[in-house]
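Asks: sharing a sequence plus its predicted fold:
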Amino acid sequence: MVFQRQVRQNSLPIIDISPYLSEKLEDIAQRQAVSVQLHTACVEYGFFYLNISSYVDPHEPEELTALAREFFLSPEEEKDKIALRREDYARGYARLNENVTNGKADNHEGLDFYKPVPNPDKTKPLWGENQWPSVPGFREKYEIWVGKMKKLGMIVMEAMAAGLGLTQDEWHELRSQVDDSFWVMRVIGYPPLPNNHEGFSCGAHKDYGCLTFLYADPTPNALQVFLQHERETQITDTSGLPAEHGTEKGIWINADPIPGCIVCNIGEMWEIWSNGLYRSTLHRVIHQGSNYRISIPFFYEPNFDAVIQPLPAALRKQRNLKELEHESIVYGQFLMSKVGNNFAYADQVGQE
């Protein structure tokens, strides 16, 4: 049986993960239903809201937002003390318009953090040390968030494994590929998009990792997700910017924040694990409001040395396919190929 990706509605589903966070018998009994919902969402959307209200106090991410805003409002010379160029060109602060997507500057500034590595060496791509703002409480609060998102990542992976139909042995094998996640966290500040800006707040892209957990402040009409529709023509983009989705038919929808929820999407690693059954989905940010928007995406990734290949459970669901859609890769090598261009910039400007 081959599953087709067919979107049924123009809004993202909301999935309550609480049965996987509880040991009560009545909640455990509901886990399979949650896994089925996750499977359907990954087949049809690649995006969904994850209700984590039973897991995270809503004041916690609000505090993270306030800390981020305090950093981004500090003088440029203060922010530049932890600039990317002072480390490995992956960890640290990137100025407004320094990040580029699809050849155009993104109208945001950001902080990037990665899993700490043994024997850090800033001359090697990705192998430096995280640079933390001097804002009081910033590192302490964000490291707590990292711990919670890592735990949540494993929980969602287990729920997805059940939805895809993995046996216990197959789940344990998959678990061994993500139990030392080479996680990434970004803290992003979005000023309003200028009318004369040639790019986007963040250009259309697909995430290349495993799972993305996005908390964003309440700003509406900023994050957009592209939903494929075979029977619908592409809607007119009222932003005055390029459509960014080539010849694919579909629509861009807003994925506005919902209280108690984070936005979750799958990356290219799940495309490989599912042999194309799950699809990573285009998304972008067009922030044309008047406020300064904060978003905090956490990327739960495989282990650096994990070998990613189609899972037997996915092949069982696609038994009519005559060949694999995806070949195996080593995640760390794949990641290095993605961020290598950033590091190459160091040779042009010199280390500081």
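Replies: All right, it came through fine.

Asks: avg pLDDT for the lengthiest helix in the chain?
Replies: Determined from DSSP state H, the single longest helix within the chain is helix 138-164. Mean pLDDT, computed over helix 138-164, is 98.

Asks: what does the first helix or strand past it going along the chain rub up against?
Replies: The C-terminal neighbour of helix 138-164 among helices and strands, as given by DSSP states H and E, is helix 168-175. Residues external to helix 168-175 that are found in contact with it (C-beta atoms under 8 Å, 6 or more residues apart in numbering): Met154, Met157, Glu158, Ala161, Ala162, Leu166, Trp273, Leu311, Pro312, Ala313. C-beta coordinates here come from the backbone N, C-alpha and C atoms, glycine included.

Asks: ok, of those, which come out buried?
Replies: Those of the contacts of helix 168-175 that meet the buried threshold are Met157, Glu158, Ala161, Ala162, Leu166, Trp273, Leu311, Pro312, Ala313, by 16 or more other C-beta atoms under 10 Å.

Asks: out of those, which one sits closest to Tyr208?
Replies: Trp273 (13.4 Å; C-beta to C-beta).

Asks: that closest one is in contact with Pro312, isn't it?
Replies: No. With contact defined as C-beta atoms under 8 Å, Trp273 does not reach Pro312; the gap is 10.4 Å.

Asks: pLDDT weak spots in the stretch 1-150 of the chain?
Replies: Within the stretch 1-150 of the chain, the stretches with pLDDT under 70 are 1-9.

Asks: show me the strands in it, by range?
Replies: Counting by DSSP state E, counting those that start in this stretch, one finds strands in the stretch 1-150 of the chain at the ranges 14-16, 47-51, 92-94, 100-101, 104-105, 109-114.

Asks: given the fourth one, what are its sheet partners and their directions?
Replies: Partner strands for strand 100-101, per DSSP bridges, with pairing direction: strand 104-105 (antiparallel).

Asks: and for Gly203, the neighbour number?
Replies: Gly203 has 22 neighbours, counted by other C-beta atoms under 10 Å.

Asks: that one falls within a strand, correct?
Replies: Yes. Gly203 sits within a strand when classified using DSSP: H, G, I helix; E, B strand; the rest coil.

Asks: list the contacts of it.
Replies: So Gly203 contacts Thr101, Asn102, Lys104, Asp106, Glu244, Arg284 (C-beta under 8 Å, 6+ apart).

Asks: can you rerun that using 10 Å?
Replies: Gly203 is in contact with 99-107, 241-242, 244, 282, 284-286, counting by C-beta atoms under 10 Å, 6 or more residues apart in numbering.

Asks: what's the pLDDT at it?
Replies: Listed pLDDT for Gly203 reads 90.

Asks: picking up where we left off before, shared neighbours, Trp273 and Pro312?
Replies: Shared contacts of Trp273 and Pro312, defined by C-beta under 10 Å, 6+ apart, are found at Leu164, Leu166.

Asks: picking up where we left off before, out of the contacts of Gly203, who has the most neighbours?
Replies: Asp106 leads the contacts of Gly203 on contacts (other C-beta under 10 Å) with 26 neighbours.

Asks: pretty sure that one is touching Phe200, no?
Replies: Yes. With contacts counted by C-beta atoms under 10 Å, Asp106 reaches Phe200, the gap being 6.4 Å.

Asks: which element, helix or strand, includes the residue most central in space within the chain?
Replies: Nearest residue to the geometric centre of the chain (C-alpha atoms, centre = their mean): Thr212, 2.8 Å. Thr212 belongs to strand 211-216 when assigned by DSSP H and E.

Asks: now that strand: average pLDDT?
Replies: Mean predicted confidence for strand 211-216 is 98.

Asks: swap in stretch 294-307?
Replies: 98.

Asks: mind checking how far it is from the chain centre?
Replies: 7 Å (C-alpha atoms, centre = their mean, to the nearest Å).

Asks: one more: stretch 58-72?
Replies: Distance, stretch centre to chain centre, for stretch 58-72: 19 Å (C-alpha atoms, centre = their mean).

Asks: for it, output the C-alpha coordinates as CSV.
Replies: The C-alpha trace of stretch 58-72 is given here as CSV (Å, rounded to 0.1, in the frame of the first residue of the first chain):
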residue,chain,number,x,y,z
PRO,A,58,3.6,29.1,29.8
HIS,A,59,5.6,31.7,31.7
GLU,A,60,8.8,29.8,31.0
PRO,A,61,9.0,30.5,27.2
GLU,A,62,7.7,34.0,27.9
GLU,A,63,10.7,34.6,30.1
LEU,A,64,13.0,33.3,27.4
THR,A,65,11.4,35.8,25.0
ALA,A,66,12.1,38.7,27.4
LEU,A,67,15.7,37.6,27.7
ALA,A,68,16.1,37.4,24.0
ARG,A,69,14.5,40.8,23.5
GLU,A,70,16.9,42.3,26.1
PHE,A,71,19.9,40.9,24.2
PHE,A,72,18.7,42.0,20.7
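
Asks: and it, what's buried?
Replies: Within stretch 58-72, the residues scored as buried using 16+ other C-beta under 10 Å are Pro61, Leu64, Thr65, Leu67, Ala68, Arg69, Phe71, Phe72.
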